Structure formats: structure tokens, C-alpha cells
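In: Prediction below, plus the sequence it came from.
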Amino acid sequence: MFKRLAAVSALCLIIASSPLTLQGYRIAFASKSLLPEERSNISPFDSRTAMSLIEQVAEKSGSISFNATKTVILWYPSGTSACISKIIHKAPNLTRTEYLPSSASTCGLRTVISDGKSTWHYEPDLQVVFHMTETSSLLDEGDAGTNHEEFNLTQDVSLIKANYDITLIGTENLAGRQAYIIGLEPRHPGNPSRKIWVDSEYPFVLRTEKYAPCGTMSSVSFYNWIEFFPTLSDDLFELDIPSHVAKVELPVSGDLMPLDKLEKKAEFAIPVPGFVPPGYKIEGGMLSPYRAFPAAHIRLTDGLNTISYFVTPRIIDGNNRGENHVADVSDLLGTKFLRWSDQGYDFTLVGEVDKSLLIEIAQSVNPPRMTRGLSQQSLSQYLTKFFYQMFWIDR
């Protein structure tokens, strides 16, 4: 018992519709096939058709129920990781994901269940269920049937149009389905590119390949098998928790808010970067749910990619104004992290972009001297929850 509670405590610190309705959805989508009647009319550079497909995915993919198995493979400097999961989604907002255990695991499947407002994560190796009372803005990218976790279309589609050259490459059979292949090349250097495979019958992404700014593949995710609009009982989305399993409530991060509102709610000044990479806009920000660890999180997006900027105050010696020290950029699962300190603040930038963009953002931050007597705290408490959501939940 002591070991389990210790493990839970450590991890907390680290991670600090009826069948008739479904039939109606099926008929509605089946009556509007996405593929042109004559495939010979498809141009390999037909950007209008490709953009139309992307718009339909953004608008309608969340309304598609499905039962599927999915594989995700990540390449990064220190090695490769892979994950296979079983995903069941009942439109509009019920999702159950079961992750196959590793060969070293002697317990059951790691399971994540969400109803769009609450999320439960059952970790059998720890005999713990983590519960978030509502879905945080940090998880918006994984909503709509988990199909947006690798190709985020919840953002303004106009940003994608403005920042990416979108072309229809051709068609291919995948998971027993016919699919369009669409390429998205960034117009501004330093950003990753993508290829996506959109199902020919339903507006749904069957495969995504992501390429680092240098051109090497950084990740691929694809459905091995998929069934659209199966008959699904709501009982599938209930988590039967054994009585001996510990239950841990995770705090809610809240929604993104405009920067002026963010600064009014914060108890410290929030230095905003003077440089925003070409094509990006500031979506807004949120404050740490951990009151003992004050921190602000600001997000920038170009429609597909996100850069996260974290700010937290700390105590400095009254005779030391602090040095603007930019740490080396580290790489975790293909995502770059840049940390530095200045004038009583700790800063972190997180993104899948070229490190030169992160360095330029960091160099444009001109913080005022921290004069308030806030207690010495570490940003890691808040960041680890973000990293947990980014790498553990969605992978």
C-alpha cells in the first residue's frame, strides 16, 4: 500500500445517440461521396479540391461514429516509440481509448474515457484512476473523436489556407478504404509539413505523416482497421472502477482567455514576446490551476502547429537583476524545449518548430524586474501536467 501511494504521489507531482440517429448520419454522409465521379479528373496540384476536403473534415469529422484500431509511431533523436490502441467513438462526444500494454506490463489495458466534459484515465500498473472534471483547453486538439490529435482542424481554417500550400497528391487504398492523399507544405520556413489521407466516403483522416522542418519524418499515425457508424451502446463509455483502485482528481486548467484578461487575473506581470513567427497568431492564455505554483501559459498557432510559452515568477537576490541566460534547446519526442531565466522570471518555449524560431522568440522577451515577494517556486509542477496531456494521453 505504501509503495502504491508513493507511486501515486510521485505521479501527481509529475503530471502535477441512438441507433436511429446513427443511421441518419450514415445515410447523410453516404449520399455525398467526397471522390469525384471521374478519378481521371483529379489533378495532382488541385488545391481547391484538397482545401474543400480539409474544410469538410474540420466541419464534420466530429459527427462520425467509428470503431477502430490505430498505430502511432514517433521518431526522435534518442530512439523510436510506438503505440497501438483501440478507439471507439460515438458522436458527438463519447470516446473510449484502450492502449495495448507493453510486454513488461502484467496488468490490464490503460483506458481513457471522455464525454467531452469529463475525462477518466485508468492506469492499471499503478491501480489509479485520474479524473479531470472537464476537458481542458490543452486537450482541445484531441477532441472530435480523437481524430484531431495529429491533424488539428479545430483552429481557424483560414490560417491553414494562409500559411500552407495545400495540394491533392492522389488516391490510395488504406485500411480497406479508398482515400485522398493531401500534402500541406508550410509557406514560412522552420515549420513542420504534413501529409494526410482523407477517406473518400466520409470526411475523416485515416493517416497522418508529420515531417520535421529538416524534412525527416517525425511521426506517423494510421488506422489499421476501421468501421464507420457501428451500433454502440452507451455502456461502453462507462468505466467500472474496482473499489481498491485509488482515485485522483486533477485540477482544471480552464479555457484560453485574451491576454488583457489574463494579465488582470494574474498576480504578476506577464512579459509578452515582441516577436511572433510569420504566420502565427496569439490564441490567448491561461493561468496555472496550481495556486501554489503561479504560472501563465500563452499559445501561438499557425492553424496547424502550436507554440506554447510559459512564464513563472521566482525570487531573486535584491542585488542581482538576473542574467538573460538562454539554455540549450532540448528535444523530447520530436518537440523542442527552450528554457531560460531573466529578471526574476523563468521562461519555457515548447514547439515542433526549428530551434531558430524559439531562440528568436526568446530573445524578443524583455521582462520588467520582478519586485514582488512571491515564494520561490518551480515551473516544472505546471509544465508536467501539460507534458502529461501532450505526450501520455494523446500517444
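Out: Thanks, I have it.

In: in the protein, which spans are helices?
Out: Secondary structure of the chain (DSSP state H): helices at 2-15, 19-30, 47-60, 157-163, 259-265, 355-363, 380-387.

In: Skipping adjacent residues, who's closest to Ala212 in space?
Out: Ser218 (4.6 Å; Cβ to Cβ, 6 or more residues apart in numbering). Quick note: C-beta positions are derived from backbone N, CA and C, even for glycine.

In: count of residues packed around that neighbour?
Out: Counted with other Cβ atoms under 10 Å, the neighbours of Ser218 add up to 19.

In: One more: the one 10 residues further on?
Out: Using other Cβ under 10 Å, Phe228 has 19 other residues around it.

In: Contacts only, for the residue lying closest to it once chain neighbours are set aside.
Out: Excluding the flanking residues, the one nearest Phe228 by Cβ to Cβ, 6+ apart is Phe66, at 5.2 Å. Counting by Cβ atoms under 8 Å, 6 or more residues apart in numbering, Phe66 touches 87-89, 145, 204, 226-230.

In: repeat that with 10 Å
Out: 87-91, 145-147, 202, 204, 223, 226-230, 232 (Cβ atoms under 10 Å, 6 or more residues apart in numbering).

In: Show the buried residues in those.
Out: Listed as buried from those are 87-91, 145-147, 202, 204, 223, 226, 228-230, 232; burial here means 16 or more other Cβ atoms under 10 Å.

In: Restricted to strands, list those.
Out: 87-90, 223, 226, 228 (DSSP state E).

In: Between the two ends of stretch 212-220, what distance do you get?
Out: End-to-end distance for stretch 212-220: 12 Å, by Cα to Cα, to the nearest Å.

In: what are the bridge partners for the spatially closest residue to Asn224 that is not a sequence neighbour, then?
Out: Distances taken as Cβ to Cβ, 6+ apart place Thr69 nearest to Asn224, at 4.7 Å, with adjacent residues excluded. Beta bridges link Thr69 to Lys86, Trp225 when assigned by DSSP bridges.

In: Report the contact partners of Thr69.
Out: Counting by Cβ under 10 Å, 6+ apart, Thr69 has contacts 84-87, 98, 100, 175, 223-226.

In: What is the lowest-pLDDT residue among the buried ones among the contacts of Phe66?
Out: Least confident of the buried ones among the contacts of Phe66 in the model: Gly145, at 39.

In: What about the nearest residue to Val57 once chain neighbours are set aside, how many residues nearby?
Out: Of all residues not flanking Val57 in the chain, Pro203 sits nearest, at 4.5 Å (Cβ to Cβ, 6+ apart). Each residue near Pro203 was counted by other Cβ under 10 Å, and the total is 24.

In: contacting residues around the nearest residue to Val272 once chain neighbours are set aside?
Out: Leaving aside its sequence neighbours, Val272 sits nearest to Leu259 (Cβ to Cβ, 6+ apart; 6.5 Å). Going by Cβ under 10 Å, 6+ apart, Leu259 touches 270, 272, 282-285, 296, 298.

In: So Leu259 versus Arg299, what's the distance?
Out: 11 Å (Cβ to Cβ, to the nearest Å).

In: Spit out the residues that contact those two alike.
Out: Counting by Cβ under 10 Å, 6+ apart, the residues touching both Leu259 and Arg299 are 282-285.

In: which residue ranges form the strands in the stretch 201-350 of the chain?
Out: 205-211, 217-228, 246-250, 281-287, 296-301, 306-313, 325-326, 330-332, 335-342, 345-351 (DSSP state E, counting those that start in this stretch).

In: helices or strands next to the fifth one in the packing?
Out: Taking 3 or more Cβ pairs under 10 Å, 6 or more residues apart in numbering; DSSP states H and E as contact, the helices and strands that strand 296-301 lies on are helix 259-265, strand 281-287, strand 306-313, strand 345-351, helix 380-387.

In: coming back round to it: between the shared contacts of Leu259 and Arg299, which is closest to Gln363?
Out: Ile282 (17.5 Å; Cβ to Cβ).

In: if I look at the closest residue in space to that closest one that isn't next to it in sequence, how far off is Gln56?
Out: Counting by Cβ to Cβ, 6+ apart, Leu300 is the residue found nearest to Ile282 once chain neighbours are left out, at 5.5 Å. Distance, Leu300 to Gln56, using Cβ to Cβ: 27 Å.

In: Tell me which of the two has more neighbours.
Out: More neighbours surround Leu300 than the other of Leu300 and Gln56, with 22 against 18 (other Cβ under 10 Å).

In: Lys247 contacts Ile241, doesn't it?
Out: Yes. Applying Cβ atoms under 10 Å as the test, Lys247 and Ile241 come out as touching, 7.1 Å apart.

In: Which neighbours do the two have in common?
Out: In contact with both Lys247 and Ile241: 120, 129, 131, using Cβ under 10 Å, 6+ apart.

In: Weed out the non-buried ones from those residues.
Out: 120, 129.

In: could the shared contacts of Lys247 and Ile241 be laid out in CSV, adding distance to Gly190 and pLDDT?
Out: CSV is the format used below for the shared contacts of Lys247 and Ile241 (distance: Cβ to Cβ, whole Å; pLDDT from 0 to 100):
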residue, distance to Gly190, pLDDT
Trp120, 38, 92
Val129, 40, 92
His131, 38, 90
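
In: Residue ranges of each domain in this structure, please.
Out: 2-250, 259-389 (automatic domain parsing).

In: picking that back up, can you tell me which of the ones in strands among the buried ones among the contacts of Phe66 is closest to Trp197?
Out: Distances from Trp197 to those, taken by Cβ to Cβ, are shortest for Tyr223, at 9.3 Å.

In: need the contact list for that closest one.
Out: Tyr223 neighbours (Cβ under 10 Å, 6+ apart): 66, 68-71, 87, 147, 174-177, 197, 199, 204-207.

In: any idea how far it lies from Met217?
Out: 18 Å.

In: got it, and Asn305?
Out: 16 Å.

In: cool, and Pro313?
Out: From Pro313 to Met217 the distance is 40 Å (Cβ to Cβ).

In: Which one's more surrounded, these two?
Out: Pro313 (27 against 14).
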